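J.: Prediction below, plus the sequence it came from.
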Amino acid sequence: MGLVKLATADAAITFLWSTYIASMAPAIAFIASSLSLKGYELLIMIALLTINIFIFNWLGAALGGALWNPSPLLALYSVGKGQGSLFYLAARFPAQAVGAVGGVFAARELVPLSYRHVMGGPRLKVDLYVGILAELVLSFTLIFVILMAILKGPKSVFWRNWIIIFSTVAVLLLGSGYTGPSLNPANAFGWAYA
């Protein structure tokens, strides 16, 4: 796939990812209140995240290897499994940032007013340096597990996705007291810009 098509696919999938993630908290609140599932928000989040990762992995593969997070892109490139050259990375990173900004703006417009109070991006809940360290350690851990799942993990896409889902949920729970964690530089940029 050409660089322009891949960068465009990255922007599109990052747009969709950022829109979905930004509207995930309102969706959880809506589902919990509509179905009288107060107290089950964590299970709803896991279910939505599971569906989300399966759909986005399929969509990324259908778009020729498009990614919504620059971290795995850089990690795959650093271990020699990435596509193209550094020029590819230099074109794909800004495309992902543009997609993330558009996704955050779209989510702000699409989420009903009654649920906008639960919508929000990553927020620092601790000292700046502790937050940076927490985000760094959590992102490194998640990317390491994802790389191991992709490079050394099971051959089945289904089980590989489950490894990614459970590691993502674990890291989100561990980081919720620090940053609410973003774990995605493009998504964090989208919220910072918006």
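T.: Great, that's in hand.
J.: Hmm, His193 is touching Val101, no?
T.: Rather than His, residue 193 is Tyr. Yes: counting by CB atoms under 8 Å, Tyr193 touches Val101, with 4.9 Å between them. In this view, the C-beta of every residue, glycine as well, is placed from N, C-alpha and C.
J.: where's the residue in the chain sticking out farthest from the centre, which helix or strand?
T.: Distance from the centre of the chain peaks at Ser36, with 27.8 Å (CA atoms, centre = their mean). Element membership of Ser36, judged by DSSP states H and E, is empty: it is in no helix or strand.
J.: for it, what are its contacts?
T.: Residues near Ser36 by CB atoms under 8 Å, 6 or more residues apart in numbering: none.
J.: Distance from the chain centre to stretch 8-23, please.
T.: 9 Å (CA atoms, centre = their mean, to the nearest Å).
J.: quick revisit: quick one, which of Tyr193 and Val101 is more surrounded?
T.: Between Tyr193 and Val101, Val101 has the larger neighbour count (other CB atoms under 10 Å), namely 22 against 12.
J.: quick one: contacts for the more buried one?
T.: 18, 189-190, 193-194.
J.: Recalculate using a threshold of 7 Å.
T.: By CB atoms under 7 Å, 6 or more residues apart in numbering, the residues touching Val101 are 190, 193-194.
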